[in-house]
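Trainee: predicted coordinates and the sequence they were generated for:
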Amino acid sequence: MNEKPRPDYLVRLRVVEAYLRHQLDQVGRWIAEEERKVAAAEARREPPPPPDWLVEQGLNGRAPVYVHRGDCWNAGKRRRGVTRDQAVRALTEEAVPACPHCRPDTELGILD
């Protein structure tokens with residue numbers, strides 16, 4: 001096991017290492033560019049439309065406070081989108097009050 005040092009082999013390995021580092025840097029730049037494109041596409045995507053009906057939850061997150069139209073300016077932060085049937089059920093069966101500002105009961109055809 002008395003091998004002679006091979007400086008030319010070490011030089012070739014350093015050249016290969018430098019080449020591979022360069023290639024890895026190039027791949028990193030390509031990945032960064034694609035990530036920028038994806039982020040730009042996400043930013044251009046329109047937000048989903050608001051739901052047609054909302055139920056505003058109370059502070060405890062369980063008891064409904066009001067039923068709102070989906071575009072109501074007075075709907076609180078603790079709200080969830082519901083279907084038309086769920087909004088009608090909340091107003092009629094669960095006796096959840098209608099928002100006095102957007103009057104979803106009028107639009108749903110539920111009159112007291």
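Mentor: Noted; the coordinates are in hand.

Trainee: same for whatever helix or strand Lys37 lives in, what does it pack against?
Mentor: Assigned by DSSP states H and E, Lys37 falls within helix 7-44. Here helix 7-44 touches no other helix or strand, going by 3 or more C-beta pairs under 8 Å, 6 or more residues apart in numbering; DSSP states H and E. All C-beta atoms are positioned from the backbone trio N, CA, C, and that covers glycine.

Trainee: how far does it sit from its chain's centre?
Mentor: Centre-to-centre, helix 7-44 and its host chain are 30 Å apart (C-alpha atoms, centre = their mean, to the nearest Å).

Trainee: what do you get for stretch 102-112?
Mentor: 32 Å.

Trainee: check what contacts it and list those residues.
Mentor: 53, 67-69, 71-75, 84, 87-88, 91-92, 98 (C-beta atoms under 8 Å, 6 or more residues apart in numbering).

Trainee: hmm, back to that, give me the contacts around the helix or strand just after the helix holding Lys37.
Mentor: Downstream of helix 7-44, the first helix or strand assigned by DSSP H and E is strand 53-57. In this structure, residues lying in contact with strand 53-57 by C-beta under 8 Å, 6+ apart are 63-70, 72, 75-76, 78-84, 86-87, 90, 96, 99, 104.

Trainee: buried subset of these?
Mentor: Neighbour counting over the contacts of strand 53-57 (16 or more other C-beta atoms under 10 Å) leaves 64-70, 72, 75, 79, 82, 87, 90, 96, 99, 104 as the buried ones.

Trainee: please name the bridge partners of the residue nearest to Thr83 when sequence neighbours are not counted.
Mentor: The spatial neighbour of Thr83 that comes closest, neighbours along the chain excluded (C-beta to C-beta, 6 or more residues apart in numbering), is Trp53 at 7.0 Å. Partner residues in beta bridges with Trp53, using DSSP bridges, are Arg69, Val82.

Trainee: could you measure from Cys99 over to Trp53?
Mentor: Using C-beta to C-beta, to the nearest Å, one obtains 11 Å as the distance from Cys99 to Trp53.
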